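[1] Turn this into a model:
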Amino acid sequence: IVAIIIATPWFSFFLPPVAWMYFTIGKYYVASSRELKRLSSIHKSPVYEHFTEALRGGATIRAFGDVDRYIEDHALRVDRYFRAFWPSMVINRWLSLRLDFIGAVLTAAVAAAIFLTIDFPFGLEMDPGKAGFAISQIISITAFLSFTVMIYGQLELTAIAIERIAEYTHLPVEAQRDAPFEPDAKWPQSGKIELKNYGMAYRKGLPLALRNVSLKIAPREKIGICGRTGAGKSSIFNAILRLSDVQRGQILIDGVEIHSVGLALYRSKISVVSQESIVFASSVRYNLDPAGAHSDMALWGALLKVQLEVTVKQMGGLEAKIAEDGGNLSVGERQLLSIARCILSGNKIILLDEATSSVDVETDRMIQQTIRNVFSDCTVLTIAHRLNTIADSSRIMVLDKGRVAEFEPPSDLLLKPNSIYKSLVDAAKGK
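    Predicted coordinates for the structure are as follows:
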């Protein structure tokens with residue numbers, strides 16, 4: 001541009017308005033495209049999520065004859081995404097058209113400056129060489145300026161990804177993974193659990209999910225937890241696992257207040273078998289022992305206890321590969337693999353959260369028998385909708401509106417005509 005001004009000084013009069021046009025259009029484009037990019041990113045996530053669900057649950061969708069509805073739902077999500085994506089494509093064309101127009105104006109301004117230099121020289125000289133140089137340079141500069149504006153806009157759009165990542169840095173964090181106080185290396189040895197006037201909410205400002213819960217669970221006791229939907233069953237587990245920092249009261253395990261223990265150490269002392277078993281797309285060995293802390297003999301011993309030894313041998317041994325989400329294992333086998341992982345952990349407290357709700361009755365019976373055998377010296381807390389699953393528990397904890405309404409042996413509760421547990425059993429028999 002400096003060379004062009006030296007060759008055709010009159011061009012300097014045209015430069016400020018053209019520069020203003022570039023700046024104004026670029027600013028307008030960036031502001032609009034940034035919001036459109038944000039909207040398209042928001043609507044893109046449900047498309048991928050829905051597609052991933054279809055891949056994982058394709059067999060279930062086909063089994064229930066729900067393919068057409070699923071396709072319709074996916075098409076609806078794609079439409080919502082394109083409603084936000086299409087305007088972003090349109091605004092790119094809008095920008096290209098205006099940049100080409102400004103480039104033409106800029107070229108015309110150089111041509112006008114050349115003619116003005118010839119008609120009103122004011123001591124300036126203009127020859128064909130200078131004129132050709134100015135025209136050739138402005139054509140290349142126009143393309144460069146258009147490219148610069150578009151790259152700047154793309155940079156702003158790309159920064160949205162950084163913005164979304166930055167949002168996660170402002171999320172509330174959990175308690176410290178490490179704490180100054182460390183209990184004995186063998187803690188907990190017995191698995192005694194005690195709650196004292198404990199209350200918990202999932203977030204500040206929300207009502208308490210648990211209210212003034214006080215109870216004692218003896219070592220090696222088997223506790224069944226039941227209640228109607230929303231009664232607070234899962235909240236008990238969330239409290240024990242310290243998944244909420246909004247709480248009051250105390251939880252003690254073997255006399256140690258759990259919130260005084262570092263989070264990483266504390267959670268390593270509790271084993272959980274959830275409704276959806278966690279299985280990695282890796283070897284059987286890695287799924288049983290991700291840290292590589294146990295010998296082959298210990299791994300085979302755990303598989304033997306859960307009756308998976310023959311299955312794993314047929315697959316090819318400990319190095320046999322497990323498909324993504326355990327695709328080459330049945331639901332029951334995946335749950336048994338999770339139980340074997342708990343056996344290897346050697347923890348004294350076991351939490352079973354609807355561990356057999358996704359299996360048939362016969363598999364449920366086999367898994368429950370395995371749990372009774374291998375965790376006989378552990379404190380086991382079991383959440384179950386199938387009441388027969390917890391019928392042989394030492395005591396039944398019945399929750400109602402975040403409070404412990406009943407906490408007695410099942411045989412005693414069944415003798416009480418107004419017992420919530422008895423009403424749940426009667427309702428189950430009616431079904």
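[2] Quick check: next helix or strand after the host helix or strand of residue 236?
    Following DSSP states H and E, one finds residue 236 within helix 233-240. Counting by DSSP H and E, the next helix or strand C-terminal to helix 233-240 is strand 246-253.
[3] contacts for that following strand?
    If you take Cβ atoms under 8 Å, 6 or more residues apart in numbering as the criterion, strand 246-253 is touched by 187-188, 191-204, 206, 212-213, 239-240, 257-259, 269, 349. To be clear about C-beta, it is placed using only N, CA and C from the backbone, and glycine gets the same treatment.
[4] partners of that strand, with directions?
    Using DSSP bridges, strand 246-253 pairs in its sheet with strand 193-201 (antiparallel), strand 256-257 (antiparallel).
[5] would you turn those into JSON lines with distance to residue 65, mean pLDDT and mean neighbour count?
    Output for the strands paired with strand 246-253, formatted as JSON lines (distance: least, Cβ to Cβ, whole Å; pLDDT from 0 to 100; neighbours: other Cβ atoms under 10 Å):
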{"stretch": "strand 193-201", "distance to residue 65": "42", "mean pLDDT": "89", "mean neighbour count": "18"}
{"stretch": "strand 256-257", "distance to residue 65": "53", "mean pLDDT": "88", "mean neighbour count": "14"}
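[6] List the residue ranges of the stretch 51-200 of the chain that fall below the pLDDT cut-off.
    115-131, 133, 157, 175-180 (pLDDT under 70).
[7] Geometric centre of this structure: which residue is closest?
    For the chain, residue 49 is the residue whose C-alpha lies nearest the centre (Cα atoms, centre = their mean; 10.9 Å).
[8] Okay, it and residue 77: tell me how far apart.
    9 Å (Cβ to Cβ, to the nearest Å).
[9] Residue 369 now?
    With the distance defined as Cβ to Cβ, residue 369 ends up 44 Å from residue 77.
[10] of those two, who's got more company?
    Legend: neighbour count by other Cβ atoms under 10 Å for residue 369 and residue 77, higher for residue 77 (18 against 11).
[11] surely that one meets residue 48?
    No: in this structure, residue 77 is not within contact of residue 48 by Cβ atoms under 8 Å, at 9.4 Å.
[12] the strands in this structure, which residues?
    Listed in chain order, the strands of the chain (DSSP state E) span 193-201, 210-217, 222-227, 246-253, 256-257, 270-273, 349-353, 379-383, 395-400, 403-408.
[13] Show me the least confident stretch of those strands, going by mean pLDDT.
    Ranked by mean pLDDT, those bottom out at strand 246-253, with a mean of 85.
[14] Tell me the gap between it and the middle of its chain.
    27 Å (Cα atoms, centre = their mean, to the nearest Å).
[15] In that strand, which of the residues would be classed as buried?
    247, 249, 251, 253 (16 or more other Cβ atoms under 10 Å).
[16] now it against helix 233-240, angle please.
    Using axes from the mean of the first three to the mean of the last three Cα atoms, to 10 degrees, the direction of strand 246-253 lies 70 degrees away from that of helix 233-240.
[17] ok, back up a step: sort out which one of the buried residues of strand 246-253 lies nearest residue 413 for me.
    Nearest to residue 413 among those is residue 251, at 24.5 Å by Cβ to Cβ.
[18] Distance check, the closest one against residue 184.
    Noted for residue 251: a distance of 18 Å to residue 184, by Cβ to Cβ.
[19] Residue 345 now?
    Taking Cβ to Cβ as the measure, residue 345 falls 17 Å from residue 184.
[20] Neighbour count for those two, which is higher?
    The neighbour comparison of residue 345 against residue 184 (other Cβ under 10 Å) goes to residue 345, with 17 against 9.
[21] about what we covered before: as a markdown table, the strands of the chain with distance to residue 148 would be great.
    Below are the strands of the chain laid out as a markdown table (distance: least, Cβ to Cβ, whole Å):
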| stretch | distance to residue 148 |
| --- | --- |
| strand 193-201 | 53 |
| strand 210-217 | 59 |
| strand 222-227 | 64 |
| strand 246-253 | 51 |
| strand 256-257 | 61 |
| strand 270-273 | 55 |
| strand 349-353 | 57 |
| strand 379-383 | 61 |
| strand 395-400 | 64 |
| strand 403-408 | 66 |
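[22] Just tell me which of those ends up closest to residue 235.
    It is, among these and with distance given as Cβ to Cβ, strand 210-217, at 5.1 Å.
[23] what sits up against that closest one?
    Identification of contacts with strand 210-217 by Cβ under 8 Å, 6+ apart yields 192-200, 223, 232, 235-236, 239, 249, 379, 381, 397, 401-404, 407.
[24] do the same with stretch 291-307
    285, 288-289, 309, 312, 318, 336-337, 339-341, 343-344, 366, 370, 373-374.
[25] Which residues belonging to it are considered buried?
    Buried residues in stretch 291-307 (16+ other Cβ under 10 Å): 294, 299, 300, 302, 303, 305, 306.
[26] Looking at the residues you listed, which are in helices?
    Counted as lying in helices by DSSP state H, out of the buried residues of stretch 291-307, are 299, 300, 302, 303, 305.
[27] any idea how far the third one lies from residue 351?
    Pointing back at residue 302 there. Taking Cβ to Cβ, one finds residue 302 at 18 Å from residue 351.
[28] for the first one, same thing?
    For residue 299, the distance to residue 351 (Cβ to Cβ) stands at 23 Å.
[29] so residue 25 touches residue 101, yeah?
    No: Residue 25 is not in contact with residue 101 according to Cβ under 8 Å; the separation is 9.4 Å.
[30] In terms of neighbours, single out the busier of those two.
    Set residue 25 next to residue 101 and count neighbours by other Cβ under 10 Å: residue 25 wins out with 17 against 12.
[31] residues contacting residue 226?
    Contacts of residue 226 were listed using Cβ under 8 Å, 6+ apart, and they are 233, 383, 384, 385, 387, 390, 396, 397, 398, 399, 421, 424.
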